[in-house]
Every structure is written in structure tokens, then in C-alpha cells.
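Undergrad: sequence and predicted structure are below.
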Amino acid sequence: MVTQGSLTVFMGPMSSGKSRDLISVYLNELQSKEEGRPYKDVILVKNATDTRAPTIHTRDSRTKNLQPDLQYLSADEVREFTKKFNPSQHILLIDEYQFPTEGDIAGLLDSLATSGFEIYVSTLQTSFNGMAFSEHVKDIFSYADRVVSFKATCSNCENDYGVRTMRTNNEGTPDQFDADVVNVGFDNYNPVCRKDHLVPGRPLHQFHQNLKENGRGSLKVISGPASSAKSDILKSYLVKFSGREPVSYYTSPPDISTLSRSSSVVLIDNYHKLNSDTQEYAMFLDHMATKGYFVVVAGDPLTAKNLPTPSLRELLPLADDISIESAYEKISGERMAATKTIQVNGSLKPVSRYTYLGLINPFQGGGPQ
């Protein structure tokens, strides 16, 4: 039987259940072992910057706290530690991924998944200021085979669409946009919905002022390799909303100045083709969602050299939901999910991690040149 590794990311704000589900992976394997069913040994890893507690834990007192096998500050520490384990027989769980890490931790985890590890990562995608928490957070979503989006209850209006984390200072008011990002602690962080996420001093582009107020909006990204169904899925939203809501559909990203403000639904295909002002564009779409627009974007997360595409790299951490659509290839008569893209005779071709493993050294990162 042909098997391959995988990289799953649990993303969401504080108190949304990410660590709880990460621990559940461990408990499920432990139960399988106790019941004599097939199982994998679990390696527990945690970023050492998180000094709140020495364990992998949740705010749910009913959930077991676990002692990590490794607390790391650099990608090299993770690289050396994992060399002693058989990838096909182990699951790697990483908690608090968002904190500062020296080296290319996202590229390393992608390589470890390609070598056969089943990997689960729990992370905040944005900091209190609404921006991507760190550079390696931007990268991890491009390399993921699956992303699970968690929502929390908004601490202000109590709706069930808390997708941001707000930090307050000692006076009880929201922290300024340019305050230090890393401030470890429970007490002054709260999950909030987009409408209640206040960030004093956050810069807004001139075009942001022309957006109208709608209801509850969201930003969804559909990503996947070449030949996956992402464009077809995007078009299904056009069919769904046509005749019900004003819809603007773009086959590629238009200039920000021409992006429709009058349509409450905005659909953009081939987002990976955006090559300039990628951060500004991402912030604009994020602000549209906060104003109440329903924004859906489709694009390729990786280049044929296995590097994050600049536009998706900036946008993915700001999304409320990420759907990763696989293509498929047949190996030894089995249909396997393909989430990588390579270039063959000038054409882009989707391949599985199993096939990709034969093209690279899995502990070097990057892809075929």
C-alpha cells in the first residue's frame, strides 16, 4: 500500500479550540494503541517562547495537559530532533507555532511531511493588530495539505464568528497597531468578530474610505495545485449568488482602484498572478470583509519550485476560511491526493507528496530547479 505524509494546520483566534483538537489527535492514537488497533506514536512539540505553562494545554479544564517531547526556538532544533524517528510510524504535533522561530520552520515542516510524517500544527494566524503573526505563519498555509478553521464566541457581541484576537492594555482599551506583537499571557487577549476587532492606529489605504457598510462579511481563500477544482468551485459561488446579491467576478485580480465597491459579493480567480502591492491588496480585501463584503479568492499557493506565491502568502493568514483543493494522480493503481505542482516540458502538473519525494532531498526544503 502506498502512503504519504501530510501537513494539517489548525488555525483560529484565542479560545477557539485549536489546542483541544491537537490534543485529541494524541488521545485518539493512544486509544487505538490501548485497544490493539493500528496506531502511530505521537511526538509532541511546542514553541519555547510560550512560557505560560510547560505543557501543551487548553483553557478547557476537561482536556488533558501534555508534556512536550521538545520545546524549540529554531528550525534546526526540530530538524535534529526528528531525525531519530521513522516518519511513516510517527505523528508530529506542534502547538503555538506562531511564536518567533529562527530559520525556515515552515519549509522544514513541508519537507518532513513529504518524507512521510503526518503533521498537525496549531497556530494563531493574526496578531492583535490584524496582521499576520509572523513570517513563518504566512508560509505555513501555502505548504499545508489541509487547513481547519476554528471560530470562537465573540467576547463582545457573543456571536459565534470570532475570527480575530483583540489585546487590551492596562487601561482596558485596545492596544495600538504599532505595539509589540509578542506579549505572552491570557488576561488581556480576547476573541472577537471582525466588527468588534478594534485596532487604533491601523493604517488604511485611500481606497478603503469608499467601502460601504454591509452585514457580516468574510474572506475565504480556495487554494490548490495546478488542475485542481478551485476555479470551478469559485464559479459555483457566482451561480449561487446571481440574482440574489450583487456579484462581481474577476478572472484575475483587477487594480484596486477598479475593484467593485457596489457588489456585496466579490469573487477573484487566479489570485497568484498578482505580482505587485501584494500586502496592500491583501489588507484591502481583509478590510472589505470587515465592512461586510463576502470575498472569495482562488489561486495557486505554491510555485513550480515549491515556494509560496507572494500574493497568496500575504492573503492566506488574513482569511476566515481556507479550502485546499487537491488534484489527483494514480500511483500503483491507487488514487492519491496531489497538492504539489511541478513543471514538465513547459506545462504545470500536479503531483502527490509521494511522487515529489522522489524529486528532492526531503530534509533540504525547496523543490526541483
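TA: Okay, I see it.
Undergrad: then stretch 271-281 to PDB, C-alphas only?
TA: In PDB, the C-alpha atoms belonging to stretch 271-281 read as follows (Å, rounded to 0.1, in the frame of the first residue of the first chain):
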ATOM      1  CA  TYR A 271      -5.000  35.500  -7.400                       C
ATOM      2  CA  HIS A 272      -1.500  34.100  -7.600                       C
ATOM      3  CA  LYS A 273      -1.000  36.200 -10.800                       C
ATOM      4  CA  LEU A 274      -0.900  39.300  -8.600                       C
ATOM      5  CA  ASN A 275       2.800  40.300  -8.500                       C
ATOM      6  CA  SER A 276       2.900  43.800  -7.000                       C
ATOM      7  CA  ASP A 277       1.500  45.600  -4.000                       C
ATOM      8  CA  THR A 278       0.600  42.100  -2.600                       C
ATOM      9  CA  GLN A 279       0.400  43.200   1.100                       C
ATOM     10  CA  GLU A 280      -1.700  46.300   0.300                       C
ATOM     11  CA  TYR A 281      -4.100  44.300  -1.800                       C
END
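Undergrad: what mean pLDDT does that stretch get?
TA: Stretch 271-281 carries an average pLDDT of 93.
Undergrad: can you list contacts of it?
TA: Contacts with stretch 271-281, where a contact means C-beta atoms under 8 Å, 6 or more residues apart in numbering, come from 205, 221, 252-253, 256, 297-301, 309-315. For every residue, glycine as well, the C-beta is placed using N, CA and C.
Undergrad: buried ones from those residues, can you make that a ChimeraX selection?
TA: Remark: buried members of these, expressed as a ChimeraX selection using 16 or more other C-beta atoms under 10 Å:
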select :221,253,297,298,299,300,301,309,310,311,312,313,314,315
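Undergrad: in contact with residue 168, which residues?
TA: By C-beta under 8 Å, 6+ apart, the contact list for residue 168 reads 174, 175, 188, 190.
Undergrad: try 10 Å this time
TA: Neighbouring residues of residue 168 by C-beta atoms under 10 Å, 6 or more residues apart in numbering: 128, 174, 175, 187, 188, 189, 190, 198.
Undergrad: host element of the residue nearest the centre of the chain?
TA: Centroid-nearest residue in the chain: residue 141, 3.8 Å away (criterion: C-alpha atoms, centre = their mean). Element membership for residue 141, per DSSP states H and E: helix 135-143.
Undergrad: do the same with residue 266
TA: Element membership for residue 266, per DSSP H and E: strand 265-268.
Undergrad: which secondary structure elements does that strand contact?
TA: Counting contacts by 3 or more C-beta pairs under 10 Å, 6 or more residues apart in numbering; DSSP states H and E, strand 265-268 packs against strand 218-223, helix 230-241, strand 247-250, helix 278-291, strand 294-299.
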